[in-house]
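*Asks:* Have a look; sequence and predicted model below, questions after that.
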Amino acid sequence: MSLRIGGLASGMDIDSIVEKLMKVERIPLDKLTQKKQILEWQRDAYREMNTLLYDFKTFLSVTQTDGIGRQSTFLKKVISSSNESAVTAKNISGTTDINTQISVTQLAKAASMWSAGDIRSNQNFNPDDLLVNQKDNLVNGADLPTTSFNIHIQAIQADGSVVDKSITVDPSKMSLNQVINEINKSLDVNAFYDTNSGKVVLSAKHTGDAANQPEIKIMDTDTNGYNFMTSVLRLSADSDTAANNSIGQVGQNAKFTFNGMSMERTSNIFQINGYEYTLKNITANSVTLTSTTDTDAIFDSIKKFVDKYNETIDKINSKISEKRYRDYPPLTEAQKKEMKDKEIELWEEKAKSGLLYNDNILSSGLNQMRLQIYDSVDGLTSTFYDSAKKADTTINQLANIGITTSSNYLDKGKLVIDEAKLKEAISQNPMAIYELFNKEVKNADGSLNFKQSGIVTRLEEVIGQTIKNIEVKAGKSYYTNNQYTLGRLLDQVNSDITDFEQRLKQIEDRYWRQFTAMEQAINQSNQQSMYLMQQFGLGQ
């Protein structure tokens, strides 16, 4: 940096002069800074649109409960029972309606058993204390080993089979309640200790009859013949023995007639033809269960799709048709200092407007979305009877089921619903509508066959590609600048800014050198004048 002399000789305000000169010199730098701001705003606007598209794509996916991409959405049924307190049903995967009569003669029960008597020898027993500390407080605690032993229990499974599982118990580290917690966690039985009676209760987790063997069988004998469950907890060897001694009950199957046919199930909850039935009570008469398509629920799911589609294209249309105000460039820091916050806000609102005006990526993506919405799906032949046309109508495009494009050109392709027509199609053939939306056909190379695939499947593909195109241009929040187009432009502008700032320092130094030289020349001239005046006596 050169020596700076600020107007001592000339009397001029050199600081102010240099500042004004540099303000002119900074104009290209301000333009670079404004360019950088526009690129950042444009990047953010792209990412905002990507968030919008990603949200719509997620909405279409099968992960959304009651979403249009889930088959279960179109399998919704209204099921009625003539005796809800005895038998109910719900649809799981059934595609046809039911008209079923069920008569229940026996409900499924879980096997259980309990201690033959109080396991405590006195009231001092503490189920939360270590077993080794409680030996004297247990009826049969004298033989309780101090080393680890295993508990084996054979229990019924949901399919009626039995499985043997085991846990390890360390009396020096575990209390009775800890043992019970481990049994409940690891074995196929539920256990609990009743502090009032001092008894332990063991119940199978699954209902049903295990045919020719007990539903619960204790097999925890160690090498010395010790059995913690039958000795200390005073349980029977199995549920059959316990039932015979009136300290337990055996498991039993549910018995019922299904449309006149006698059936058995190990559980009171079972599925037949995609419907899940729940038996609650024995019946004196047959219970009738009928189902119809839940038209309103399916209609609501489709309407949500239409609303989401309309919302998405409306926001994209707004963004690509937004007016660009070129007379409102980004404000410099100096300009902001001279403005109020509200003025800055209003200015920047116009400065940010129209940054994606007529953008090719968004326009192309939007046009593709509209095309896939309007186009028919090849290969679909299912129909419904359209009462308005008094004819069968093929369900192979949205217009055929009452979803059409708005006739108002200002809506720019929004969808409108003929509620009566759509509900009529849903009530008659909901699965055909599911296919219209979600059918998927791939080409030999693995790419999507658009002509034969459903509308939602097409949209997901188009939206996914548009998202990728935007990411190439504007990246993601965690991308580095060199990974996307606008980022690389930002890097270049940042480099230009750095170079220009260095140049401005050089220019400012040059100005100061020039003014300093001028000051020195004036000072030297003044000194010479004073000297001459002194020589001629003019200074006296």
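*Replies:* That came in fine, so what should we check first?
*Asks:* residue contacts, Tyr325?
*Replies:* By C-beta atoms under 8 Å, 6 or more residues apart in numbering, the contact set of Tyr325 is 350-351, 353-354. Every residue, glycine included, has its C-beta placed from N, CA and C.
*Asks:* just Leu415 next, same as before
*Replies:* Leu415 neighbours (C-beta under 8 Å, 6+ apart): 306, 309-310, 373, 398, 403-406.
*Asks:* would you list the residues you listed in TSV and tack on distance to Glu48?
*Replies:* Formatted as TSV, the contacts of Leu415 follow (distance: C-beta to C-beta, whole Å):
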residue	distance to Glu48
Val306	23
Tyr309	18
Asn310	18
Ile373	23
Leu398	28
Ile403	28
Thr404	30
Thr405	26
Ser406	25
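*Asks:* PyMOL command to pick out the buried ones of those?
*Replies:* Filtering the contacts of Leu415 down to the buried ones (16 or more other C-beta atoms under 10 Å) takes a single PyMOL command:
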select buried, resi 306+309+310+373+398+403+404+405
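*Asks:* one step back: buried subset of the contacts of Tyr325, written for PyMOL?
*Replies:* In PyMOL syntax, the buried subset of these is picked out as below (16+ other C-beta under 10 Å):
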select buried, resi 351+353+354
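*Asks:* tally of neighbours for the residue lying closest to Tyr357 once chain neighbours are set aside?
*Replies:* Excluding its sequence neighbours, the residue lying closest to Tyr357 (C-beta to C-beta, 6 or more residues apart in numbering) is Arg324, at 5.1 Å. Applying other C-beta atoms under 10 Å, we find 14 other residues in the vicinity of Arg324.
*Asks:* and what of the one 4 residues further on?
*Replies:* Tyr328 has 16 neighbours, counted by other C-beta under 10 Å.
*Asks:* Then Tyr357?
*Replies:* Tyr357: 12 neighbours (other C-beta under 10 Å).
*Asks:* Over to Ala254?
*Replies:* Ala254 has 23 nearby residues by other C-beta under 10 Å.
*Asks:* which residues does it contact?
*Replies:* Ala254 touches 104, 106-108, 207, 264-268, 270, 279, counting by C-beta under 8 Å, 6+ apart.
*Asks:* Can I get those residues in JSON lines including secondary structure, pLDDT and distance to Glu419?
*Replies:* Formatted as JSON lines, these follow (DSSP: H, G, I helix; E, B strand; the rest coil; pLDDT from 0 to 100; distance: C-beta to C-beta, whole Å):
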{"residue": "Val104", "secondary structure": "strand", "pLDDT": "98", "distance to Glu419": "41"}
{"residue": "Gln106", "secondary structure": "strand", "pLDDT": "98", "distance to Glu419": "48"}
{"residue": "Leu107", "secondary structure": "coil", "pLDDT": "98", "distance to Glu419": "44"}
{"residue": "Ala108", "secondary structure": "coil", "pLDDT": "97", "distance to Glu419": "45"}
{"residue": "Thr207", "secondary structure": "coil", "pLDDT": "97", "distance to Glu419": "46"}
{"residue": "Glu264", "secondary structure": "strand", "pLDDT": "96", "distance to Glu419": "46"}
{"residue": "Arg265", "secondary structure": "strand", "pLDDT": "96", "distance to Glu419": "42"}
{"residue": "Thr266", "secondary structure": "coil", "pLDDT": "95", "distance to Glu419": "46"}
{"residue": "Ser267", "secondary structure": "coil", "pLDDT": "96", "distance to Glu419": "41"}
{"residue": "Asn268", "secondary structure": "coil", "pLDDT": "98", "distance to Glu419": "40"}
{"residue": "Phe270", "secondary structure": "strand", "pLDDT": "97", "distance to Glu419": "38"}
{"residue": "Leu279", "secondary structure": "strand", "pLDDT": "98", "distance to Glu419": "39"}
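*Asks:* Kindly give a single ChimeraX line that selects the buried subset of those.
*Replies:* The command below creates a ChimeraX selection of those among the contacts of Ala254 that count as buried (16+ other C-beta under 10 Å):
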select :104,107,108,207,265,266,267,268,270,279
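*Asks:* Closest one to Ser121 out of the contacts of Ala254, please.
*Replies:* Relative to Ser121, the closest of those is Thr207; by C-beta to C-beta it sits at 35.3 Å.
*Asks:* so of the contacts of Leu415, which ones are in strands?
*Replies:* If you go by DSSP state E, the contacts of Leu415 have 403-405 in strands.
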